[in-house]
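Undergrad: Sequence below, structure please.
(one chain, ligands or ions: 1)
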Amino acid sequence: MSADKTTNTNKRILIIEDNESFMKMMRMRLKSAGYKVICANDGLSGLNLARQKKPDLIILDLMLPGMHGHQVCRMLKFDKQYAHIPVLIFTSRDMEKDAELAKSCRADAYVIKTINSAIVMEIIGDLIKRASTLQTNNR
Ligand code: MN
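TA: Take a look at the predicted model:
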């Protein structure tokens, strides 16, 4: 696993999450890995922030006040302007229905909150790397 902070420093991650303790924990973890972190605690402000800031990756909860995470993801992934931004759905429920929802809204990855954090950081790094490679190739 790469722990090279310098390559992360220009990468910005948006966390859309209404569970404050989970949000704080993720923010700390990402910041210490060198990422810039922005946060929203409901679906609609998360969507607006994503459109405004165009982050390098979005960590998205499904059960959110205002607008469901599934809807937030669709609004971004079915819009050419934002479809390139990798979305990682993070859910507390281990439900088949959620995994299907994640697929149908074109999320790039789907993980359950109890997953080992080192693996999460690896997934995040890989998604960002893949997205920036795609963008470079499309230029
Ligand atoms: Mn939630």
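Undergrad: is any part of stretch 96-103 close to the ion?
TA: No. Under the criterion of CB under 5 Å from the ion, the ion is not reached by stretch 96-103; the shortest gap measures 11.7 Å. C-beta: built from backbone N, CA, C; applies to glycine.
Undergrad: should've said stretch 87-94
TA: No. Applying CB under 5 Å from the ion, one finds stretch 87-94 separated from the ion by no less than 7.0 Å.
Undergrad: What of stretch 13-31?
TA: Yes. Contact of stretch 13-31 with the ion is found when judged by CB under 5 Å from the ion, involving residue 18.
Undergrad: What residues sit buried inside that stretch?
TA: 13-19, 22-23, 26-27, 29-30 (16 or more other CB atoms under 10 Å).
Undergrad: Just the ones in strands from these, please.
TA: 13, 14, 15, 16 (DSSP state E).
Undergrad: Dump those to a markdown table, plus pLDDT.
TA: What follows is those, written out as a markdown table (pLDDT from 0 to 100):
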| residue | pLDDT |
| --- | --- |
| 13 | 98 |
| 14 | 98 |
| 15 | 98 |
| 16 | 98 |
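Undergrad: Arrange those residues in a markdown table, one row each, with distance to residue 71 as further columns.
TA: Output for these, formatted as a markdown table (distance: CB to CB, whole Å):
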| residue | distance to residue 71 |
| --- | --- |
| 13 | 20 |
| 14 | 16 |
| 15 | 17 |
| 16 | 11 |
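Undergrad: how about the closest residue to the ion within the chain, what does it touch?
TA: Of all residues in the chain, residue 63 sits closest to the ion, at 3.8 Å by CB to the ion. Taking CB atoms under 8 Å, 6 or more residues apart in numbering, we find residue 63 in contact with 18, 69, 91, 92, 93.
Undergrad: Looking at the last one now. What's its pLDDT?
TA: Right, residue 93. You'll see residue 93 listed with a pLDDT of 74.
Undergrad: residue contacts, it?
TA: Here residue 93 is in contact with 62, 63, 112 (CB under 8 Å, 6+ apart).
Undergrad: Setting aside sequence-adjacent positions, which residue approaches residue 16 most closely?
TA: Using CB to CB, 6 or more residues apart in numbering and skipping the chain neighbours, the partner closest in space to residue 16 is residue 46 (3.3 Å).
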